[in-house]
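[1] here's a sequence, model it:
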Amino acid sequence: MLNERHKMAATPKSVPAARQQGVALLEALIAILIFSLGVLGLIGLQASATKTATQARFRMEAGQVATQRIADIWLDRANMAGYDGIAPAPGLPEGTIATSVVGSVVTITVSWKAPGDTVPNSHLAIANVTTN
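    Have a look, this model is predicted:
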């Protein structure tokens with residue numbers, strides 16, 4: 001009878017150990033979930049940085065296109081009126097250069113629409129082209 005009591009007394013001690021089974025698996029799954037959320041956050045951050053860099057490149061390209069148009073007009077001041085109008089802008093998606101010449105004031109508007117943009121972007125440059 002002592003042996004039976006001893007065996008029964010040992011049984012309740014093993015019950016908490018049985019309740020602990022699967023805890024390591026649960027902890028591993030939670031760790032994987034937290035890690036996955038961190039990786040998804042980094043991917044979103046990278047996508048945002050890429051979009052911002054692309055927009056900055058298009059703004060820089062628009063500024064260069066406008067500056068080049070002003071330089072062309074300065075070099076060909078006798079034919080300033082010939083630059084008046086709209087032309088395609090090289091290097092910009094759906095890009096156009098609108099040039100307006102009023103007297104010696106030249107207004108250049110470079111417009112483009114990047115993929116995924118709902119509203120077109122524009123860059124405005126105004127120059128006073130005079131003769132010496």
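
[2] and the spatially most central residue of the chain, what does it touch?
    The residue lying closest to the centre of the chain (CA atoms, centre = their mean) is residue 51, at 1.6 Å. Listed by CB atoms under 8 Å, 6 or more residues apart in numbering, the contact partners of residue 51 are residue 116. Every C-beta, even on glycine, is put in place using the N, C-alpha and C of the backbone.

[3] give me the next element, helix or strand, following the host helix or strand of it.
    Under the criterion of DSSP states H and E, residue 51 resides in helix 23-75. Moving toward the C-terminus from helix 23-75, the next helix or strand (DSSP H and E) is strand 85-88.

[4] that following strand: what's the following helix or strand?
    Criterion used, DSSP H and E; the element after strand 85-88 is strand 96-102.

[5] helices or strands up against that next one?
    helix 23-75, strand 85-88, strand 105-112 (3 or more CB pairs under 8 Å, 6 or more residues apart in numbering; DSSP states H and E).

[6] pLDDT wise, what is the residue nearest to the centre of the chain at?
    Here, the pLDDT recorded for residue 51 equals 90.

[7] next: residue 19.
    68.

[8] contacting residues around stretch 105-120?
    51, 54-55, 58, 62-63, 65-66, 69-70, 73, 80, 83, 89, 92-101, 121-129.

[9] now it: mean pLDDT?
    Stretch 105-120 comes out at a mean pLDDT of 92.

[10] likewise for stretch 123-132?
    On average, stretch 123-132 scores 89.

[11] do the same with stretch 30-41
    The model assigns stretch 30-41 a mean pLDDT of 96.

[12] measure the closest residue to residue 99 other than its chain neighbours to residue 51 for me?
    Take residue 99 and drop its neighbours on the chain: the residue closest to it by CB to CB, 6 or more residues apart in numbering is residue 83, 4.9 Å away. Taking CB to CB, to the nearest Å as the measure, residue 83 and residue 51 are separated by 33 Å.

[13] can you check residue 91 too?
    Taken as CB to CB, the span from residue 91 to residue 51 is 18 Å.
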